[in-house]
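Asker: next come a sequence and a model predicted from it.
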Amino acid sequence: MLYGLLFIYVLLDYIYTAKCHLICKTRIQDYLKNNKYVTKVTIGKNVKKIGANAFYNCKKLKTITIYTTKLKMSTVGKNAFKGVKKNVVVKVPKAKYSLYKKVLKKRGISKVAKFRKM
């Protein structure tokens with residue numbers, strides 16, 4: 001991985017691009033555990049699972065945008081979002097707002113996180 005201003009890092013499940021932006025493809029495992037650089041995450045509409053510790057301890061993560069409507073309590077792993085920035089902004093589909101708010105808080109999102117409907 002290059003630590004310059006512009007870099008691209010490709011793994012099986014997502015593309016990690018310039019300015020620490022993550023575009024997820026189908027499932028997310030713990031590739032970003034303890035990542036010090038990611039500031040924004042976009043979870044695509046085809047994502048069905050988020051693994052345990054997927055974004056664990058990503059302290060600079062400021063924005064999480066979720067397009068999928070396929071997540072449930074059982075498909076988001078324990079501690080998936082534990083340790084992310086306390087005032088993270090989470091954008092979720094309007095139809096899944098209350099469910100996702102409940103699920104993500106159970107999986108480690110701070111109580112002061114800001115949830116927004118899309």
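Answerer: Happy to help now that I have it.

Asker: from here on, just use CA atoms for contacts and neighbour counts.
Answerer: Will do.

Asker: and Val112, what does it touch?
Answerer: Lys86, Asn87 (C-alpha atoms under 8 Å, 6 or more residues apart in numbering).

Asker: please, which helix or strand holds it?
Answerer: Remark: Val112 resides in no helix or strand, with elements defined by DSSP states H and E.

Asker: per-residue pLDDT, it?
Answerer: Note on Val112: pLDDT of 95.

Asker: equivalent analysis for the one 4 residues further on, please.
Answerer: We have a pLDDT of 97 for Arg116.

Asker: which of the residues in the strand or helix carrying it are classified as buried?
Answerer: Per DSSP H and E: Arg116 is located in strand 114-117. By 16 or more other C-alpha atoms under 10 Å, the buried positions in strand 114-117 come out as Phe115.

Asker: for Val103, helix, strand, or coil?
Answerer: Using DSSP: H, G, I helix; E, B strand; the rest coil, the structure places Val103 in helix.

Asker: ok, and what's touching stretch 55-64?
Answerer: Against stretch 55-64 from outside (C-alpha under 8 Å, 6+ apart): 30-43, 79-85, 87-91.

Asker: what are the pairing partners of the strand holding Arg116, and which direction each?
Answerer: Sheet pairing of strand 114-117 (DSSP bridges) gives strand 89-92 (parallel).

Asker: give me the mean pLDDT for the partner strand.
Answerer: Mean per-residue pLDDT for strand 89-92: 96.
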